[in-house]
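In: let me see the structure of the following:
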Amino acid sequence: MIHSALINVMVKAARRAGRSLKRDLGEIEHLQVSMKGPANFVSRADKRAEEMLYEDLAKARPGYGFIGEEGGAREGSDKSHTWIVDPLDGTTNFLHGIPQFAISIALQREDAVIAGVIYNPANDELYIAERGKGAFLNDQRLRVAARRQLNECVIACGLPHIGRGDHALFMREMTSLQTKVAGLRRFGAASLDLAFVAAGRLDGYWERDLAAWDIAAGMIMVREAGGTVSGIDGKDDALTTGHVICGNEVIHRELVRVLKAAA
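Out: Residues are numbered from 1 along each chain as shown. This is a model prediction of the structure:
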């Protein structure tokens, strides 16, 4: 399949950083038996992947700004374009050797995300999307699932852990939904949750307190696969609020309704 020059740049960067992460994942099993544990190793792997991504993207598109989870914002001479990058989404999974993690790269032009790449090097699944050109998984066109009844749906969520998020609010939301759906899932990597919705593997997803690099690429993935993405209030912008909800048009609306009532 022929991709645009922009997508080719993003894919090349993601694959190179992915090879580094895959090698590092192989080391995790050896480090699990260490008293110190692999946390410091994973932190270094995360930073190294981000630097590789920055180098490749800056070389291909000089002047573009760059926002990364590890290094923060780096301004460029071109104020209209910004890369939004998570070099290792699903760090806790990676730390435990669980192969559910991804590199997430999005390109924002002015205020709109125009392209996204999500790559899981553990299973070589590569998701791409470009505005107006559709979403793909390893060159297969993606469409969101067509289910229209919540009781037939599998919904993913974030699960706030120690020191993070509003636990009481999440419990209310989960309690409201779990009696209405076929299943709830918590996978631990927001970019892949969004990608799974785009691929029709999940019918919907919601999570609070996320950063732009967690969701920017996944949001365009869902939209280009025919889905609806918003903030949890239904009309707000997830990139601004950090709270995201998505699904096909009907399921998105139902999720918004149920979660609003729970709040």
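In: show me the strands in the chain, by range?
Out: Per DSSP state E, the chain carries strands over the ranges 64-68, 72-74, 78-89, 102-109, 112-120, 125-130, 134-137, 140-141, 154-157, 183-185, 204-207, 228-230, 244-247.
In: quick one: mean pLDDT over the second one.
Out: Mean pLDDT, strand 72-74: 89.
In: of all the strands of the chain, which one comes closest to residue 164?
Out: strand 204-207 (11.2 Å; CB to CB). From N, CA and C alone the C-beta is placed, and that goes for glycine too.
In: pairing partners for the closest one, with directions?
Out: When sheet partners are counted by DSSP bridges, strand 204-207 sits next to strand 154-157 (parallel), strand 244-247 (antiparallel).
In: ok so, going back, lowest average confidence across the strands of the chain, which one?
Out: Averaging pLDDT over each of the strands of the chain puts strand 72-74 lowest, since it has a mean of 89.
In: helices or strands next to the longest helix seen in the chain in the packing?
Out: Secondary structure of the chain per DSSP state H: the longest helix is helix 5-31. Applying 3 or more CB pairs under 8 Å, 6 or more residues apart in numbering; DSSP states H and E, one finds that helix 5-31 contacts helix 39-60, helix 91-95, strand 102-109, strand 112-120, strand 125-130.
In: pull out the buried positions in the third one.
Out: Residues of strand 102-109 classed as buried: 102, 103, 104, 105, 106, 107, 108 (neighbour count, 16 or more other CB atoms under 10 Å).
In: and for the nearest residue to residue 99 once chain neighbours are set aside, the neighbour number?
Out: Among residues not flanking residue 99 along the chain, residue 122 sits closest, at 3.4 Å (CB to CB, 6 or more residues apart in numbering). A count of neighbours around residue 122, defined by other CB atoms under 10 Å, yields 19.
In: just for the protein, where's the confidence low?
Out: Residue ranges of the chain with pLDDT under 70: 29-38.
In: point to the residue nearest the middle of it.
Out: For the chain, residue 191 is the residue whose C-alpha lies nearest the centre (CA atoms, centre = their mean; 1.3 Å).
In: kindly reformat the helices and strands packed on helix 5-31 as TSV containing distance to residue 204.
Out: What follows is the helices and strands packed on helix 5-31, written out as TSV (distance: least, CB to CB, whole Å):
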stretch	distance to residue 204
helix 39-60	29
helix 91-95	21
strand 102-109	19
strand 112-120	18
strand 125-130	17
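In: which among these is found nearest to residue 213?
Out: That would be strand 102-109 among the helices and strands packed on helix 5-31, by CB to CB, at 6.4 Å.
In: and that closest one, which strands flank it?
Out: strand 78-89 (antiparallel), strand 112-120 (antiparallel).
In: could the ones you listed go into TSV alongside distance to residue 226?
Out: Shown next, in TSV, are the strands paired with strand 102-109 (distance: least, CB to CB, whole Å):
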stretch	distance to residue 226
strand 78-89	23
strand 112-120	15
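In: look up how far residue 89 lies from residue 215.
Out: Distance, residue 215 to residue 89, using CB to CB, to the nearest Å: 9 Å.
In: returning to that earlier point: to residue 72, which of the strands paired with strand 102-109 lies closest?
Out: Going by CB to CB, the one of the strands paired with strand 102-109 nearest residue 72 is strand 78-89, 11.0 Å.
In: can you list the buried residues in the closest one?
Out: 81, 82, 83, 84, 85, 86, 87, 88, 89.
In: nearest to residue 22, of these?
Out: residue 88 (11.6 Å).
In: would you agree the closest one is in contact with residue 45?
Out: Yes. When contacts are counted by CB atoms under 8 Å, residue 88 is listed as touching residue 45 (6.9 Å).
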